[in-house]
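Enquirer: Everything below, folded, please.
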Amino acid sequence: MQPRIKAILQMEPSEETVKAEGWVRTKRDSKNVCFLEVNDGSCLKGLQCVIDKGVIPSCVLDRIGTGASVLAEGKIVPSQGGNQKTEMAVTALTLIGECPADYPLQKKRHTVEFLREKAYLRPRTNLFGAVMRVRSSMAYAVHSFFQENGFVYVNTPLISASDCEGAGAQFQVTTLDLENVPKTEDGKVDYSKDFFGKMANLTVSGQLEGETYATAMKNIYTFGPTFRAENSNTARHLAEFWMIEPEMAFCTLEGDMEWAEKFLKYVFSYVLEKNSEDMEFFSKFVLDGVVDTLRHVIESPFAHMTYTDAIKVLEPENDRFEFPVKWGVEIQSEHERFLTEEVAKRPVIVTDYPKDIKAFYMKMNDDGETVRAMDVLAPRLGEIIGGSEREYRYDVLIKRMEELGLKAEDYWWYLDLRKYGTVPHAGFGLGFERAVQYVTGVANIRDVIPYPRYVKSCEY
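Expert: Below is the predicted model of the structure:
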């Protein structure tokens with residue numbers, strides 16, 4: 001296995017012959033010398049390969065263009081130019097895969113909209129290569145954080161018979177013949193003829209199943225794809241996205257907030273340490289100040305306020321908002337940014353939301369009007385984490401489900417957890433793509449996932 005170009009760029013000049021594999025980013029010709037920039041995706045900067053035309057036949061060089069894959073062999077020498085410290089003096093060059101002149105990624109800056117149409121090629125660009133390296137580091141940091149803190153990684157099912165959020169925006173999974181759907185005597189779909197014998201959907205969250213394992217293993221986390229069939233054609237929504245969902249038994253809302261703050265700071269610190277070159281790129285070409293924002297989050301103790309107090313702060317400012325606020329309404333992104341950027345000037349955790357705007361599983365407060373929920377709000381973005389202490393009291397949970405019209409028989413196993421050794425427990429969810437957006441400064445969520453799935457789009 002040949003060394004990655006990132007490692008080669010860190011080598012000192014020597015007489016040792018090195019082999020480098022990659023794709024040609026640029027080609028420059030002079031009378032006697034050819035310059036190739038070769039990149040293998042391991043870092044932003046490519047390896048400059050200097051080729052004496054007397055060493056490599058023109059019949060080989062003439063066939064090499066932007067996008068071609070090559071194997072270059074040579075010595076690492078001090079660079080004669082000012083853009084790099086070292087370069088490769090090529091002694092042998094093998095063309096592995098030719099690339100025709102109509103290669104879509106020529107040497108110019110392409111729009112993200114154009115690159116979205118070429119999703120199978122876009123990781124070869126600086127922007128998307130950097131995004132995917134940061135995404136990879138963040139995924140590693142997620143696992144590192146939880147593993148180092150004694151959490152058990154649980155793979156919750158992607159096909160589910162229950163709706164965690166109660167929103168109904170789910171993708172149905174069926175093997176029924178859609179041209180000839182079997183019906184019951186009263187004209188409804190006969191799901192007894194379906195593969196699972198009942199209606200099934202792609203999961204919107206692994207939380208409910210995660211809770212079952214938390215009540216046996218104390219601290220667990222899930223990290224996997226989830227699906228929402230929401231007709232939201234925006235820069236913040238995907239139909240398929242990844243969620244990180246820890247669940248902690250013997251844990252209250254206070255502990256939930258502590259874990260959420262530690263988790264974010266760990267992941268952000270890891271990326272700044274391991275992906276400094278990529279982060280400098282994002283600060284320079286994507287969003288000025290993105291690194292400073294992350295450092296501010298890492299270094300600041302998060303502020304805390306209740307939903308009721310947040311509304312009191314926001315209401316006098318209603319003239320400036322597109323969506324005026326009052327007690328009982330959802331807090332929008334513009335309100336969240338106001339709280340973090342202008343009021344607290346740091347991340348804010350808002351707690352104790354009205355029960356009517358939160359999910360059935362959140363623990364009811366003694367006032368009967370609010371629940372033990374929390375949202376972590378970050379400067380520049382707004383909500384980045386949502387969580388709660390879970391309702392662990394059987395009778396209270398049953399009553400809450402009845403209020404919302406949920407059928408207890410659909411959640412019998414979830415309710416059983418409240419009968420068999422129930423404990424206070426809490427958890428939170430982080431949309432991974434939203435977090436990658438925040439770290440990189442990339443404006444559209446479709447540009448931080450390899451193959452975006454959204455309304456009317458399921459390419460590749």
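Enquirer: contacts, neighbours, all on C-alpha from now
Expert: Will do.
Enquirer: quick one: the helices in the stretch 301-450 of the chain?
Expert: 307-314, 333-338, 394-403, 412-416, 432-440 (DSSP state H, counting those that start in this stretch).
Enquirer: Can you list the buried residues in the shortest one?
Expert: Judged by neighbour count (16 or more other C-alpha atoms under 10 Å), helix 412-416 contains these buried residues: 414, 415.
Enquirer: Over to the third one?
Expert: Burial within helix 394-403, assessed by neighbour count using 16+ other C-alpha under 10 Å, is assigned to 394, 397, 398, 400, 401.
Enquirer: Relative to residue 314, which of those is nearest.
Expert: residue 400 (29.1 Å; C-alpha to C-alpha).
Enquirer: So, low pLDDT: which residues of this structure?
Expert: Within the chain, the ranges that satisfy pLDDT under 70 run 163-168.
Enquirer: let's go with 50 and repeat that
Expert: When the per-residue scores of the chain are filtered using pLDDT under 50, no range remains.
Enquirer: residue furthest from the geometric center of it?
Expert: residue 54 (49.1 Å; C-alpha atoms, centre = their mean).
Enquirer: what's the helix or strand for it?
Expert: Under the criterion DSSP states H and E, no helix or strand holds residue 54.
Enquirer: how about the nearest residue to it, chain neighbours excluded?
Expert: Across the structure, with C-alpha to C-alpha, 6 or more residues apart in numbering as the measure, the residue nearest residue 54 apart from its sequence neighbours is residue 32 (7.5 Å).
Enquirer: Could you dump the helices of the stretch 301-450 of the chain into a markdown table with distance to residue 348 added?
Expert: Listed next are these as a markdown table, based on distance: least, C-alpha to C-alpha, whole Å:
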| stretch | distance to residue 348 |
| --- | --- |
| helix 307-314 | 10 |
| helix 333-338 | 9 |
| helix 394-403 | 28 |
| helix 412-416 | 31 |
| helix 432-440 | 16 |
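Enquirer: out of those, nearest to residue 11?
Expert: Distance to residue 11, taken as C-alpha to C-alpha, is lowest for helix 432-440 among these, at 28.4 Å.
Enquirer: Which strands or helices does the closest one pack on?
Expert: With contacts taken as 3 or more C-alpha pairs under 8 Å, 6 or more residues apart in numbering; DSSP states H and E, helix 432-440 sits against helix 126-148, strand 240-249, helix 290-299.
Enquirer: buried sites along stretch 186-198?
Expert: Within stretch 186-198, the residues that qualify as buried are 189, 190, 191, 194, counting by 16+ other C-alpha under 10 Å.
Enquirer: How about stretch 379-398?
Expert: Within stretch 379-398, the residues that qualify as buried are 379-394, 397-398, counting by 16+ other C-alpha under 10 Å.
Enquirer: thinking again about what came up before, so can I have CSV of the buried residues of stretch 186-198 showing secondary structure and distance to residue 370?
Expert: Formatted as CSV, the buried residues of stretch 186-198 follow (DSSP: H, G, I helix; E, B strand; the rest coil; distance: C-alpha to C-alpha, whole Å):
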residue, secondary structure, distance to residue 370
189, strand, 38
190, coil, 40
191, helix, 38
194, coil, 40
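Enquirer: Need the max-distance pair from these.
Expert: Longest distance between any two of the buried residues of stretch 186-198 is 9.6 Å, between 189 and 194; criterion C-alpha to C-alpha.
Enquirer: Next up, phi/psi of the closest residue to residue 147 other than its chain neighbours, please.
Expert: In space, and not counting its chain neighbours, residue 147 is closest to residue 153: 7.9 Å by C-alpha to C-alpha, 6+ apart. With angles defined as degrees, to the nearest 10, residue 153 sits at phi -80, psi 120.
Enquirer: Make sure residue 153 is actually in contact with residue 222.
Expert: Yes - taking C-alpha atoms under 8 Å as the definition, residue 153 is a contact partner of residue 222 at 6.0 Å.
Enquirer: between these two, who's got more neighbours?
Expert: Of the pair residue 153 and residue 222, residue 222 is the one with more neighbours under other C-alpha atoms under 10 Å, namely 24 against 17.
Enquirer: does that one count as helix, strand or coil?
Expert: For residue 222, the secondary structure call by DSSP: H, G, I helix; E, B strand; the rest coil comes out as strand.
Enquirer: got a list of what it touches?
Expert: Residues touching residue 222, when contacts are defined by C-alpha atoms under 8 Å, 6 or more residues apart in numbering, comprise 153, 154, 155, 156, 206, 210, 243, 244, 245, 246.
Enquirer: In ChimeraX, how would I select the buried members of those?
Expert: Buried residues within the contacts of residue 222, as defined by 16+ other C-alpha under 10 Å, are selected in ChimeraX through the command that follows:
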select :153,154,156,206,210,243,244,245,246
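Enquirer: Put together a markdown table for the contacts of residue 222, with distance to residue 425 on each row.
Expert: Listed next are those as a markdown table, based on distance: C-alpha to C-alpha, whole Å:
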| residue | distance to residue 425 |
| --- | --- |
| 153 | 17 |
| 154 | 17 |
| 155 | 19 |
| 156 | 18 |
| 206 | 15 |
| 210 | 11 |
| 243 | 19 |
| 244 | 17 |
| 245 | 13 |
| 246 | 11 |
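Enquirer: for the contacts of residue 222, which one is nearest residue 103?
Expert: The shortest distance between residue 103 and any of the contacts of residue 222, using C-alpha to C-alpha, involves residue 243 and amounts to 35.3 Å.
Enquirer: is it true that the closest one touches residue 431?
Expert: Yes - contact criterion C-alpha under 8 Å: residue 243 and residue 431 qualify, at 4.8 Å.
Enquirer: rewinding a little: got the buried residues of stretch 186-198 as JSON lines, with distance to residue 95 columns?
Expert: Putting those into JSON lines (distance: C-alpha to C-alpha, whole Å) gives the following:
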{"residue": "189", "distance to residue 95": "59"}
{"residue": "190", "distance to residue 95": "59"}
{"residue": "191", "distance to residue 95": "57"}
{"residue": "194", "distance to residue 95": "53"}
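Enquirer: tell me which of those is nearest to residue 118?
Expert: Distances from the buried residues of stretch 186-198 to residue 118 were compared by C-alpha to C-alpha; the smallest belongs to residue 194, at 37.4 Å.
Enquirer: show me the contacts for the closest one.
Expert: Residue 194 neighbours (C-alpha under 8 Å, 6+ apart): 174, 175, 176.
Enquirer: Show the buried residues in those.
Expert: Applying a neighbour-count criterion of 16+ other C-alpha under 10 Å, the buried members of the contacts of residue 194 are residue 174.
Enquirer: can you put the contacts of residue 194 in CSV and add secondary structure?
Expert: Rendered in CSV, the data for the contacts of residue 194 read as follows (three-state DSSP):
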residue, secondary structure
174, coil
175, coil
176, coil
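Enquirer: Out of the contacts of residue 194, which is nearest to residue 135?
Expert: When the contacts of residue 194 are compared for distance to residue 135, the smallest value, 32.5 Å, is given by residue 174; criterion: C-alpha to C-alpha.
Enquirer: hang on, that closest one packs against residue 198?
Expert: No - the pair residue 174 and residue 198 fails to qualify as a contact (C-alpha under 8 Å) at a distance of 9.3 Å.
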